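Enquirer: coords below, sequence missing:
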């Protein structure tokens with residue numbers, strides 16, 4: 001039985017149960033099932049067939065989710081695209097060789113067009129030969145051109161056949177993010193309820209939690225830091241929250257410790273995943289620990305020279321526009337540096353983010369942890385800058401509540417870090433900004 005068949009059977013088993021809340025209106029699994037059938041007819045009229053590459057621009061909404069499910073049932077190749085990445089859409093569409101484009105607007109209306117970009121890439125041809133639904137996601141492109149990541153979608157979703165906890169969940173991570181896709185299908189497969197906030201601001205998310213008794217919030221460390229700074233837990237009733245999962249970037253001890261104090265009845269769980277292999281099952285050592293056990297029945301992990309490697313049964317088929325990153329035995333070098341303690345790992349960050357100062361390694365997260373304790377600092381982002389003699393030096397970008405002269409701030413940083421950090425780790429340049437140094441995915445921008 002294909003994924004969508006057993007999933008629709010689950011929908012039919014509890015048709016009156018709430019599937020999602022969008023703009024404060026509840027939609028049942030019966031409603032969602034009916035919309036999937038309507039989308040099947042619409043796609044047929046538009047000559048969308050199995051194996052077609054179909055882009056869907058939107059966010060989590062009744063039409064967008066039903067559209068994705070109908071495309072999955074049709075065995076099309078899904079290309080979900082977030083509205084916020086509009087400046088990259090044209091490049092995404094070219095890489096994905098789109099046959100059709102479905103644009104779902106903010107009012108849940110939709111438009112269909114045919115870009116006609118099919119060029120029959122070998123990986124897409126392989127999906128068609130396999131007679132399976134596909135999924136194309138894109139790397140962030142923060143260090144170069146975005147890479148098109150191709151998955152056998154039915155294989156990726158097979159893990160959801162085993163029933164697990166049912167939660168009322170906010171789909172915080174974006175429509176085209178592996179974590180967002182994972183959350184959506186986990187929630188639907190377990191007959192949970194997806195709650196869509198009016199926006200992803202602290203007020204928007206906290207209001208949705210309070211109004212609709214949200215139990216699970218998957219988010220990023222940067223968003224949690226904003227929630228603490230804006231006192232979201234004081235302004236809204238967040239007592240329904242049971243679990244907060246965090247990933248996508250390195251969490252700081254300071255942010256986690258503060259979040260646990262503000263939300264003492266919530267279980268905090270670190271997650272780990274990559275677009276290339278999916279989201280691994282994870283278990284934090286404790287609420288306040290940054291040590292995490294990752295893996296599960298479909299995954300193997302190992303550490304070589306302090307770098308994490310993963311082998312997965314649900315790994316991507318490959319990149320559309322880059323060389324295959326897997327070795328001959330199927331292992332992927334994640335690029336993440338880790339510390340190992342028994343079965344647990346502490347994720348230190350991407351090797352590409354590590355700063356090399358005269359041969360000494362500097363992990364940005366370690367410096368950011370110290371800078372975060374400076375009075376007036378809202379967010380600290382550390383990166384490297386080329387230096388003629390040392391190779392690189394440490395540069396700190398500090399988001400401040402009020403404007404502070406850079407020279408004055410550099411002196412304060414130097415005094416604060418002395419004794420807390422090795423001399424080569426202390427920032428040699430300090431930039432002061434008032435705007436958030438995060439992107440629309442609520443991740444720190446280091447490049």
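Expert: The structure has been received and is ready for your questions. Just so you know, these numbers come straight off a predicted model, no measurement behind them.
Enquirer: Please make it C-alpha for all contacts and neighbour counts, starting now.
Expert: Will do.
Enquirer: What's opposite residue 299 in the beta bridge?
Expert: residue 312 (DSSP bridges).
Enquirer: how far away is it from residue 332?
Expert: Using Cα to Cα, to the nearest Å, we find residue 299 at a distance of 11 Å from residue 332.
Enquirer: Can you work out which residues contact both of these two?
Expert: Shared contacts of residue 299 and residue 332 (Cα atoms under 8 Å, 6 or more residues apart in numbering): 310-311.
Enquirer: and the top helix by length along the chain, what's its mean pLDDT?
Expert: Scanning the chain for the helix with the most residues, using DSSP state H, yields helix 29-45. Averaging pLDDT along helix 29-45 yields 95.
Enquirer: List the buried residues of that helix.
Expert: Using 16 or more other Cα atoms under 10 Å as the burial criterion, the residues of helix 29-45 that qualify are 29-33, 35-36, 39-40, 43.
Enquirer: and which of the residues you listed is nearest residue 74?
Expert: residue 40 (7.8 Å; Cα to Cα).
Enquirer: what's the spacing between the longest helix of the chain and its chain's center?
Expert: Helix 29-45 sits 28 Å away from the centroid of its parent chain (Cα atoms, centre = their mean, to the nearest Å).
Enquirer: do the same with stretch 309-316
Expert: 18 Å.
Enquirer: and it, what's its mean pLDDT?
Expert: Here the average pLDDT along stretch 309-316 is 93.
Enquirer: How is the protein partitioned into domains?
Expert: 3-156, 158-350, 354-433 (automatic domain parsing).
Enquirer: is it possible to export those domains to TSV including distance to residue 439?
Expert: Output for the domains of the chain, formatted as TSV (distance: least, Cα to Cα, whole Å):
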stretch	distance to residue 439
domain 3-156	10
domain 158-350	10
domain 354-433	12
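Enquirer: Can you tell me which of these is nearest to residue 443?
Expert: Using Cα to Cα, the nearest of the domains of the chain to residue 443 is domain 158-350, at 6.1 Å.
Enquirer: Could you check the pLDDT of the residue lying farthest from the centre of the chain?
Expert: Residue farthest from the centre of the chain, counting by Cα atoms, centre = their mean, is residue 389 at 37.5 Å. For residue 389, the pLDDT comes out at 78.
Enquirer: same check, this time on residue 447
Expert: Value for residue 447, per-residue pLDDT: 62.
Enquirer: do the same with residue 344
Expert: Reading off the model, residue 344 has pLDDT 94.
Enquirer: which residues touch it?
Expert: Residue 344 neighbours (Cα under 8 Å, 6+ apart): 285, 291-294.
Enquirer: how much space is there between it and residue 387?
Expert: 36 Å.
Enquirer: circling back: so which residues make contact with the longest helix of the chain?
Expert: By Cα under 8 Å, 6+ apart, the list of residues contacting helix 29-45 reads 8, 11-12, 14-19, 49, 62-63, 66-67, 69-71, 74.
Enquirer: quick one: contacts for the residue positioned nearest the centre of the chain?
Expert: Geometric centre of the chain, nearest residue: residue 179, 4.2 Å, by Cα atoms, centre = their mean. Listed by Cα under 8 Å, 6+ apart, the contact partners of residue 179 are 173, 273, 278-279.
Enquirer: Of those residues, which pair is most distant in space?
Expert: 173 and 278 (14.1 Å).
Enquirer: which one of the domains of the chain has the lowest average pLDDT?
Expert: For the domains of the chain, mean pLDDT drops lowest on domain 354-433, to a mean of 88.
Enquirer: ends of it, how far apart?
Expert: With Cα to Cα, one end of domain 354-433 sits 23 Å from the other.
Enquirer: In CSV: the contacts of residue 179, plus secondary structure.
Expert: Converted to CSV, the contacts of residue 179 look like this (DSSP: H, G, I helix; E, B strand; the rest coil):
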residue, secondary structure
173, coil
273, strand
278, strand
279, strand
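Enquirer: show me where the stretch 51-200 of the chain has helices.
Expert: 62-74, 89-96, 122-130, 153-157, 178-189 (DSSP state H, counting those that start in this stretch).
Enquirer: Mind giving me the packing neighbours of the second one?
Expert: So that's helix 89-96. The contact analysis (3 or more Cα pairs under 8 Å, 6 or more residues apart in numbering; DSSP states H and E) places helix 89-96 against strand 148-152.
Enquirer: ok, the strand it packs on: who's next to it in the sheet?
Expert: strand 134-138 (antiparallel), strand 318-319 (antiparallel).
Enquirer: So for residue 190, which of the ones you listed sits nearest?
Expert: Judged by Cα to Cα, the one of these that comes nearest to residue 190 is strand 134-138, at 21.0 Å.
Enquirer: just the angle between the closest one and helix 122-130, please?
Expert: Strand 134-138 and helix 122-130 are oriented at 160 degrees to each other (axes from the mean of the first three to the mean of the last three Cα atoms, to 10 degrees).
Enquirer: Give me the contacts around strand 134-138.
Expert: 72, 75-80, 92, 96, 127, 146-154, 176-178, 275.
Enquirer: Separate out the buried members of those.
Expert: 72, 75-80, 92, 96, 127, 146-154, 176-178, 275.
Enquirer: the helices in the stretch 301-447 of the chain, which residues?
Expert: Under DSSP H, counting those that start in this stretch, the stretch 301-447 of the chain gives helices at 364-371, 406-417.
Enquirer: hmm, back to that, list just the one of the domains of the chain that sits closest to residue 442.
Expert: Using Cα to Cα, the nearest of the domains of the chain to residue 442 is domain 158-350, at 5.9 Å.
Enquirer: Would you mind measuring from residue 439 to residue 157?
Expert: 28 Å.
Enquirer: These two: which is more packed in?
Expert: Remark: of residue 439 and residue 157, residue 157 carries more neighbours, 18 against 10, as counted by other Cα atoms under 10 Å.
Enquirer: thought residue 72 was touching residue 79?
Expert: No: Residue 72 lies out of contact with residue 79 (Cα atoms under 8 Å); the separation is 11.0 Å.
Enquirer: OK, contacts around residue 79?
Expert: 53-56, 96, 135-137, 176 are the contacts of residue 79 under Cα under 8 Å, 6+ apart.
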